[in-house]
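A.B. asks: Sharing a model prediction with you, sequence too.
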Amino acid sequence: MAPSILRAALAAALVGAAASFSSSCPPRRRALAIALFSADDDGGIEDFETERMNIVRKLQESYYREAPDGNVVSEELDSAESSAAAYFDASTGKICNLPLWRVGWVETPGRRNCLNVHEMQYTHMFEKILSQSDSSDEPLYFGHLYLPGGSKAVKSGEERYQLKTWREELADENRFDNYSSSKTLNSPDVSTPRVDRSAVIGCLMEITDYRRLEDGRLMIFVQALERFVVDEIVDTKPYSVANVQILLDSEELPWKRSGKKEVDENFCKYLRGKAVAASFYYHSYEFDRPKLPLAEDAEDYLTNEGVPWLKISKMLPFAHYSTDDVCLDAANEKSAHVDDSMFSMSESEDESGTSFAGGELPLEQELWNGGILWDPQPLASDILLRRSQDLTCDELETLLWLALDDFCRATGFTLPEEIRCLLPPEMDYLEIETDRYLSSNYPKIRRQRRLSYLAPALIENLEIPMKGMRQVWLSTPSTKARLLGALERYDYLNNRMIGQFE
């Protein structure tokens, strides 16, 4: 077929697609479409492919343009609510209008990834997010939410794969029908939970860099910051958008730290917002926001051969800490203000004789009672003693590092520097060596939280007791429970290796 005929066919297809978006295509876009197809007819199939992609890019530039208020104009596909940029509400600790990337794997805080975006609805979603970066210095957020089977599951129409809020999930009487567990002949005493339904707890992601590929795909460099629970659904087409509540670990909740037990949601929601806002202040130190390892003169649109896959792989899978700890003073000051607010509210309650008990349960308690948050399942009976000892986070951290040291000596494995830097300075007697220790101004509970996610990630592909656990770690309500679950699994592996050597 001649290039001129191919161009005519392409023009018809694109114009037809544009017409399906809206019955009244804006005049500016109609004029652009006519101008795009007035090219000469000379050239072969390679020239046609190049021209085709140039047309697509110009259409994208026209479509993903910004209005004066900073929002992206894409009226034909999206509602006004979903077109608004995601933003952090510091008063509640929520991310509003958060676009959701619903895929068949799980991310956990502290990880880094390079996404290959090729599905139509998600290319559209990320193009909208990226178009906001030109006029704002605000972080580019999206939500990563587990959906078994990815987009195919949504197309099946099954109710269990539909996006739900945590309230709708609790009201679903059939949700536990989709829970199961797996065992192997090698580990008959250990079961690993399986959940075949859309999750309501996900991970807040930040885009640090991106590149478009010549074939239309997007390469998005991201890192995982915090976990969240879906609170309100804003939109579901062409992709999902939700208001989500950031979930902190129990050790970071002000009323938990103070030991106050009789509280309700009215008391907690104000303090939760302040605590989440304080948590976000630490991100500048906890994540170094890297760029893709591309040459300065790299093309705007990369070929597949031009992508430095090996260099990118060396930057994965864990996020690095920044070397600049200046932000920690402000972050620690914010955290101290949260504790002051907790004290003031408790004093006011005592003086007035009023009580913050008796109302709605705190959100975290609702999620725990309903089985949305849960502790990792215990392993073999010979290490259940750990759970009866009621160990503190400090004690569990020490024991986990000892177990990591035993594991590395037995296997010859060297921990990545992103984990070695979490080693407490007072444990320098271990054989684990690190190039740096984290700042003395960095709270140890946040160091322990990071370790509780990264330590189990090292062994998640070894065997069934370790595989398929990411959603479990994400759904664990406390750093303490996560450290304990990781310690049990390292003890389990170390004991098995010792048994093989005897």
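C.D. replies: Structure received.
A.B. asks: and the nearest residue to residue 451 once chain neighbours are set aside, what is it in contact with?
C.D. replies: Spatial nearest neighbour of residue 451, excluding adjacent residues (Cβ to Cβ, 6 or more residues apart in numbering): residue 422 at 4.9 Å. Just so you know, the C-beta spots here come from the backbone N, C-alpha and C atoms, and that holds for glycine as well. Taking Cβ atoms under 8 Å, 6 or more residues apart in numbering, we find residue 422 in contact with 438, 447, 450-451, 454.
A.B. asks: which pair in the residues you listed spans the largest distance?
C.D. replies: The span of those, defined through Cβ to Cβ, is set by 438 and 454 at 13.2 Å.
A.B. asks: Tell me who's in contact with the spatially most central residue of the chain.
C.D. replies: Centroid-nearest residue in the chain, with Cα atoms, centre = their mean: residue 203, separated by 2.8 Å. Neighbouring residues of residue 203 by Cβ under 8 Å, 6+ apart: 106-109, 143-145, 224-228, 474.
A.B. asks: which residues in this protein form strands?
C.D. replies: Counting by DSSP state E, the chain has these strands, from start to end: 65-66, 72-73, 87-89, 94-103, 112-117, 140-146, 179-182, 192-195, 201-213, 218-235, 241-247, 301-302.
A.B. asks: Going by mean pLDDT, which of these comes out lowest?
C.D. replies: Across the strands of the chain, strand 72-73 has the smallest mean pLDDT, namely a mean of 48.
A.B. asks: Comparing the strands of the chain, which comes out most buried?
C.D. replies: Burial of the strands of the chain is given as mean neighbour count (mean count of other Cβ atoms under 10 Å); strand 241-247 ranks first at a mean of 26.
A.B. asks: Kindly list the longest helix within this structure.
C.D. replies: helix 327-352 (DSSP state H).
A.B. asks: List just the nearest of the contacts of residue 203 to residue 405.
C.D. replies: Once Cβ to Cβ is applied, the member of these that ends up nearest residue 405 is residue 108, at 23.1 Å.
A.B. asks: what is the closest residue to residue 316 other than its chain neighbours paired to in the beta sheet?
C.D. replies: Closest residue in space to residue 316, ignoring its immediate chain neighbours: residue 112 at 5.5 Å, by Cβ to Cβ, 6+ apart. Going by DSSP bridges, residue 112 is paired in beta bridges with residue 223.
A.B. asks: quick one, what contacts residue 112?
C.D. replies: Counting by Cβ under 8 Å, 6+ apart, residue 112 has contacts 221-224, 290, 315-320.
A.B. asks: Let me know whether residue 320 touches residue 418 as I believe.
C.D. replies: Yes - between residue 320 and residue 418 there is a contact under Cβ atoms under 8 Å: 5.8 Å.
A.B. asks: From residue 271, how far out is residue 376?
C.D. replies: Residue 376 sits 27 Å away from residue 271, going by Cβ to Cβ, to the nearest Å.
A.B. asks: and what of residue 337?
C.D. replies: Distance from residue 337 to residue 271, by Cβ to Cβ: 11 Å.
A.B. asks: repeat for residue 412
C.D. replies: Taking Cβ to Cβ, one finds residue 412 at 47 Å from residue 271.
A.B. asks: for residue 297, same thing?
C.D. replies: Distance from residue 297 to residue 271, by Cβ to Cβ: 51 Å.
A.B. asks: returning to that earlier point: would you turn the contacts of residue 112 into JSON lines with distance to residue 368?
C.D. replies: Formatted as JSON lines, the contacts of residue 112 follow (distance: Cβ to Cβ, whole Å):
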{"residue": "221", "distance to residue 368": "35"}
{"residue": "222", "distance to residue 368": "29"}
{"residue": "223", "distance to residue 368": "28"}
{"residue": "224", "distance to residue 368": "23"}
{"residue": "290", "distance to residue 368": "36"}
{"residue": "315", "distance to residue 368": "36"}
{"residue": "316", "distance to residue 368": "33"}
{"residue": "317", "distance to residue 368": "29"}
{"residue": "318", "distance to residue 368": "28"}
{"residue": "319", "distance to residue 368": "28"}
{"residue": "320", "distance to residue 368": "33"}
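A.B. asks: Wait, residue 288 touches residue 321, no?
C.D. replies: Yes - applying Cβ under 8 Å, one finds residue 288 in contact with residue 321, separated by 6.5 Å.
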